[in-house]
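A.B. asks: sequence? don't have it. structure:
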């Protein structure tokens, strides 16, 4: 079912981006069971197979029907641009049990037999305990599945936000939404998600709240919304660059190695998308201080540019850097 989000004048001024390690954790858990998502993530799935096998994810999967509604308190829209996982988890643990019960019931109602199952009845019998149980499981999933790779994932998500922010600055909402996802259509002050994940409402008046945009590594091939009151209206969309996320960095040519050295040439070739010092250090197995020194040399030579995004500095190749890497 399509979901229509109606913008007022105030909403046009309150569109913002954020990252959410909590939402990404749940999208990663969802990806384990959805084969249509596996194509881009096979290297990650192979590396995390044993860790995933050690988790009993059935309580989370029970509330992740396909298609259907997932309780919003599991991945509440973040109030700040880049919260930590610990801060988001603390908010999840503080969910009002009455709200949790309402959202869990709505989710279970979409899957025949789920509410009558032993696990469904157990969780619904004590919503406060269910919130803590789901939070505990989410925390274990974060450490097992996402935390080891978070610097790489975060760098890609921040690079996506930097790209989208430039689109918004140069072309407004029309240019931003035209490039965000094929299922998102902007026309006459209305953003329409052609295929929403829940059918409990089809219209949403933003009432001055605007829309929160969350890039996701694991949401592909879908864009997701459906956040109802009391939550911030939110759209989760696939981030750019996931096709190369798990690939081994391009091997530089012998000629480039002789010119720049092994590490500088490798860093230059790896910058297909903007990246931070931390992400490059993680990708190449180098100390951040060493990567920082190499980046400074490459930037001073006119091969890279840098710009601040939030608390990080992102580096990307100049036209000369692109030509040299090729």
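C.D. replies: Yep, that arrived. Note that the structure is predicted; figures quoted are calculated from it, not measured.

A.B. asks: from here on, contacts and neighbour counts on C-alpha atoms
C.D. replies: Noted.

A.B. asks: those helices in the protein, which residues are they?
C.D. replies: With helices called from DSSP state H, the chain shows them at 9-12, 21-33, 42-53, 58-62, 85-93, 97-109, 118-125, 127-141, 150-178, 254-260, 262-270, 277-284, 288-300, 319-325.

A.B. asks: now those in TSV, with distance to residue 191?
C.D. replies: Formatted as TSV, those follow (distance: least, C-alpha to C-alpha, whole Å):
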stretch	distance to residue 191
helix 9-12	11
helix 21-33	22
helix 42-53	33
helix 58-62	29
helix 85-93	27
helix 97-109	24
helix 118-125	35
helix 127-141	31
helix 150-178	8
helix 254-260	47
helix 262-270	35
helix 277-284	34
helix 288-300	40
helix 319-325	35
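
A.B. asks: Next, name the residue at the spatial heart of the protein.
C.D. replies: For the chain, the residue sitting closest to the mean C-alpha position, by C-alpha atoms, centre = their mean, is residue 216 at 2.2 Å.

A.B. asks: Run the chain-centre distance for stretch 41-48.
C.D. replies: Centroid displacement of stretch 41-48 relative to its chain, using C-alpha atoms, centre = their mean, to the nearest Å, is 17 Å.

A.B. asks: Now it: buried residues?
C.D. replies: Of the residues in stretch 41-48, 41, 45, 48 count as buried by neighbour count, 16 or more other C-alpha atoms under 10 Å.

A.B. asks: contacting residues around the residue sitting furthest away from the middle of the chain?
C.D. replies: When distances are taken from the C-alpha mean of the chain, residue 258 lies farthest, 38.2 Å away, according to C-alpha atoms, centre = their mean. Residues near residue 258 by C-alpha atoms under 8 Å, 6 or more residues apart in numbering: none.

A.B. asks: Residue 264 versus that one, what's the distance?
C.D. replies: 10 Å (C-alpha to C-alpha, to the nearest Å).

A.B. asks: Buried residues, stretch 106-120. List them.
C.D. replies: Neighbour counts using 16+ other C-alpha under 10 Å place 106-108, 110-111, 114-115, 120 of stretch 106-120 among the buried residues.

A.B. asks: In a markdown table, list these along with pLDDT.
C.D. replies: Shown next, in a markdown table, are the buried residues of stretch 106-120 (pLDDT from 0 to 100):
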| residue | pLDDT |
| --- | --- |
| 106 | 93 |
| 107 | 94 |
| 108 | 96 |
| 110 | 87 |
| 111 | 90 |
| 114 | 95 |
| 115 | 94 |
| 120 | 97 |
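
A.B. asks: now those residues in JSON lines, with distance to residue 176?
C.D. replies: Compiled in JSON lines, these are given as follows (distance: C-alpha to C-alpha, whole Å):
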{"residue": "106", "distance to residue 176": "32"}
{"residue": "107", "distance to residue 176": "31"}
{"residue": "108", "distance to residue 176": "35"}
{"residue": "110", "distance to residue 176": "33"}
{"residue": "111", "distance to residue 176": "35"}
{"residue": "114", "distance to residue 176": "39"}
{"residue": "115", "distance to residue 176": "40"}
{"residue": "120", "distance to residue 176": "40"}
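
A.B. asks: Tell me both backbone torsions, phi and psi, for residue 8.
C.D. replies: Reported as degrees, to the nearest 10, the phi and psi values for residue 8 are phi -100, psi -180.

A.B. asks: and the gap between it and residue 173?
C.D. replies: 13 Å.

A.B. asks: about what we covered before: now, which of the buried residues of stretch 106-120 sits nearest residue 33?
C.D. replies: Distance to residue 33, by C-alpha to C-alpha, is smallest for residue 111 among those, at 16.0 Å.

A.B. asks: nearest spatial neighbour of that closest one, skipping sequence neighbours?
C.D. replies: Distances taken as C-alpha to C-alpha, 6 or more residues apart in numbering put residue 65 closest to residue 111, at 6.8 Å, once the chain neighbours are dropped.

A.B. asks: State the phi and psi torsions of that neighbour.
C.D. replies: phi -70, psi 150.

A.B. asks: residues contacting it?
C.D. replies: Contacts of residue 65 by C-alpha under 8 Å, 6+ apart are 107, 110-111.

A.B. asks: Check residue 119 too.
C.D. replies: Counting by C-alpha under 8 Å, 6+ apart, residue 119 touches residue 59.

A.B. asks: gap between it and residue 63?
C.D. replies: Separation of residue 119 from residue 63 (C-alpha to C-alpha) stands at 11 Å.

A.B. asks: Would you work out how far apart the start and end of stretch 108-124 are?
C.D. replies: 10 Å.

A.B. asks: Figure out how far it is from the centre of its chain.
C.D. replies: Chain-centre distance of stretch 108-124: 28 Å, with C-alpha atoms, centre = their mean.

A.B. asks: go on, stretch 300-318?
C.D. replies: With C-alpha atoms, centre = their mean as the basis, stretch 300-318 stands 22 Å off its chain's centre.
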